[in-house]
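Participant: The following comprises the amino acid sequence and a computationally predicted model.
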Amino acid sequence: MRIKCPYCGERGLEEFSYRGDATVKRPESLEPSAADAWVDYVYLRDNPAGLHKEHWHHSAGCHSWLVVTRDTVTHEIVGVEPAREGS
Amino acid sequence: MRYSLGSLLANAVTGNRNWKPVWREPEPKAQYDVVIVGGGGHGLATAHYLAKQHGITNVAVLEKSYLGSGNIGRNTTIVRSNYMLPGNEPFYEWSMKLWEGLEQDLNYNAMVSQRGVLNVFHSDPQRDAFARRGNSMLLHGADAVMLDREGVRKLVPFVDFDNARFPVRGGLFQPRGGTVRHDAVAWGYARSADSRGVDIIQNCAATGFRVEQGRIVGVETEKGFIRAKKVGVSVAGSSSRVAQMAGLRLPIEAHVLQAFVTEGIKPLIDVVMTFGAGHFYVSQSDKGGLVFGGDIDGYNTYAQRGNLPVVEDVAEGGMALMPIIGRLRVLRSWGGLLDMSMDGSPIIDTTHIDGLYLNAGWCYGGFKATPAAGWCFAHLIATGQPHPYAAAYRLDRFATGRVIDEKGMGAQPNLH
């Protein structure tokens, strides 16, 4: 698997660290009433067989956080973009 | 047919022409008391213990492919009970005890080999951590021996004791651990369950669950609808996909773990050994090949194959521990799918649907758990109550905070 970093070009997997699902959103509320939303955010995952949006860190490169769209069945990468707040 | 010396001799003198298939290939009936989704080691063990311990024999096991085609045939066959936490160790020690009696229970040669599991350590802090784990094992009734350098040298004289970076200082040894022939586990459980009346239905994937008023009434399958009073899901690797059919989102990510086998060599290593400073574990198969593996690849995947950085990492670990393998050729490598749970521990529990039970989240440790997982899952399905050994494996522990995090890594599956 090779990832095309928008800043550095295509690099081998060993330069990147994986964080996980990029679709989960941190809840705004810190109130006890938001407990279920926090359990969802921290623990529960769709875990799809197919296209998966995920965070990778170019940890042995430019240190940018990326949102990679990758097929979890074929390992084909169909999109890489810089992670942005709110995206 | 019951296997015995007599039956072997009788078949030998008749030219081995009269052996019969050891399980039937029935078409599914319209209705069962219990349907198990997943004909792997855990599902078949569950069927065996449902029939044997609880007298529930009107049971079907649904397998989407052929029997033994999943993780039961893709692991590195290691069994051990060297866990530390109270929620885990009694369960794995019970599994170890069931392994010890498995062949007599099943009347099947599963090649249980208690050759010992050795975890070597390389520093004083690691010695402390291993001593703590060993003491925890002893407190739970398992066996554990702390070995110094000379003790390790007697078992594995060829390791690189004076490696400049990772000198071997000693090891934690569990003499009762070892290996079991993985395919034979599936075959033995299948034969035993079938002989008690369980229908094993191969090439029949579950495609949905039918629920009425919050209660399960059956399973939609490739061979039509099968009515069931209770349904157990035991499909580690695919748990999220199957649970989704029941509207359930799980604290699980699918990952891949790679394994490797070398060309056959003369007897070299007669224990299972793990490297303490990297990811490498090794044993030698009866055919002579070294069987080894390392860390998971660390990203979500359903591909049953990994990537080269982990291959390199495993090879480096192997060379750091035992440079003697440097000229061995690797014959083949493969990957197995894992349910990586958010705390590194499994789930055996009820669900929000009455009569639907879940056995999932086995990470990279499902094989050693096969007998106890089957035992405890059968108990849960039969009685509706969790078995005491598996009572901590709750689905709601992620919400209540009662996680079982052996490695202390938090909710990051690729670090467990």
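Facilitator: Now that the structure is in, tell me what you want to look at.
Participant: helices or strands next to the longest helix seen in chain B in the packing?
Facilitator: As assigned by DSSP state H, the longest helix anywhere in chain B is helix B:89-106. Helices and strands touching helix B:89-106, by 3 or more CB pairs under 8 Å, 6 or more residues apart in numbering or on different chains; DSSP states H and E, are strand B:78-79, helix B:124-139, helix B:182-195, helix B:370-383. Where C-beta positions appear, they are placed from N, C-alpha and C, glycine not excepted.
Participant: Relative to the whole chain's centre, how far out is the following helix or strand past that helix?
Facilitator: Later in the chain than helix B:89-106, the nearest helix or strand by DSSP states H and E is strand B:117-121. Counting by CA atoms, centre = their mean, to the nearest Å, strand B:117-121 is centred 20 Å from the centre of its parent chain.
Participant: quick one: contacts of strand B:117-121?
Facilitator: With contacts defined as CB atoms under 8 Å, 6 or more residues apart in numbering or on different chains, strand B:117-121 is touched by B:78, B:80, B:82, B:127, B:129-130, B:147, B:152, B:155-156, B:159, B:168-174, B:177-178, B:271-276, B:321.
Participant: So which of those are in helices?
Facilitator: Among the contacts of strand B:117-121, the members found in helices (DSSP H) are B:127, B:129-130, B:152, B:155, B:321.
Participant: Now the two most distant members of those.
Facilitator: The largest separation in the ones in helices among the contacts of strand B:117-121, counting by CB to CB, is between B:Ala129 and B:Leu155 at 20.3 Å.
Participant: Name the residue in these two with the higher neighbour count.
Facilitator: Per other CB atoms under 10 Å in any protein chain shown, whichever of B:Ala129 and B:Leu155 has more neighbours is B:Leu155, with 18 against 15.
Participant: got a list of what the more buried one touches?
Facilitator: Counting by CB under 8 Å, 6+ apart, B:Leu155 makes contact with B:116, B:118, B:147, B:171, B:173, B:270-271, B:273.
Participant: And for B:Phe173?
Facilitator: Per CB under 8 Å, 6+ apart, neighbours of B:Phe173: B:116-119, B:144-147, B:151, B:155, B:271.
Participant: Among those, name the buried ones.
Facilitator: Buried members of these, scored by 16 or more other CB atoms under 10 Å in any protein chain shown, are B:116-119, B:144, B:147, B:155, B:271.
Participant: If you count neighbours, what's buried in stretch B:50-60?
Facilitator: Neighbour-count burial for stretch B:50-60 flags B:50-52, B:56-60 (criterion: 16+ other CB under 10 Å).
Participant: Closest one of those residues to chain A?
Facilitator: Within the buried residues of stretch B:50-60, distances to chain A taken as CB to the nearest CB reach their minimum at B:Ala60, with 25.0 Å.
Participant: The closest one is in what secondary structure piece?
Facilitator: Secondary structure (DSSP H and E) places B:Ala60 in strand B:59-62.
Participant: Now do that strand: which elements does it pack against?
Facilitator: Helices and strands touching strand B:59-62, by 3+ CB pairs under 8 Å, 6+ apart, are strand B:31-37, helix B:41-54, strand B:199-201, strand B:224-233.
Participant: which of these sits most buried?
Facilitator: Most buried of these, by mean neighbour count (mean count of other CB atoms under 10 Å in any protein chain shown): helix B:41-54, with a mean of 27.
Participant: average pLDDT across it?
Facilitator: In this model, helix B:41-54 carries a mean pLDDT of 98.
Participant: Kindly report the same for stretch B:115-135.
Facilitator: What stretch B:115-135 shows for mean pLDDT is 97.
Participant: Can I get the buried part of the contacts of strand B:117-121 as one ChimeraX selection?
Facilitator: Selection command for ChimeraX covering only the buried members of the contacts of strand B:117-121, criterion 16+ other CB under 10 Å:
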select /B:78,80,82,127,130,147,152,155,156,159,168,169,170,171,172,173,174,177,178,271,272,273,274,275,276,321
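Participant: ok, B:Asn203 - contacts?
Facilitator: Neighbouring residues of B:Asn203 by CB under 8 Å, 6+ apart: B:63-66, B:222.
Participant: That one and B:Arg149: what is the separation?
Facilitator: 53 Å (CB to CB, to the nearest Å).
Participant: Not including adjacent chain positions, what is the nearest residue to the spatially most central residue of chain B?
Facilitator: The centre of chain B sits closest to B:Phe367, judged by CA atoms, centre = their mean, with a distance of 1.3 Å. Counting by CB to CB, 6 or more residues apart in numbering or on different chains, B:Asn75 is the residue found nearest to B:Phe367 once chain neighbours are left out, at 4.2 Å.
Participant: Shouldn't that neighbour be within a strand?
Facilitator: No. B:Asn75 sits outside any strand when classified using DSSP: H, G, I helix; E, B strand; the rest coil, being coil.
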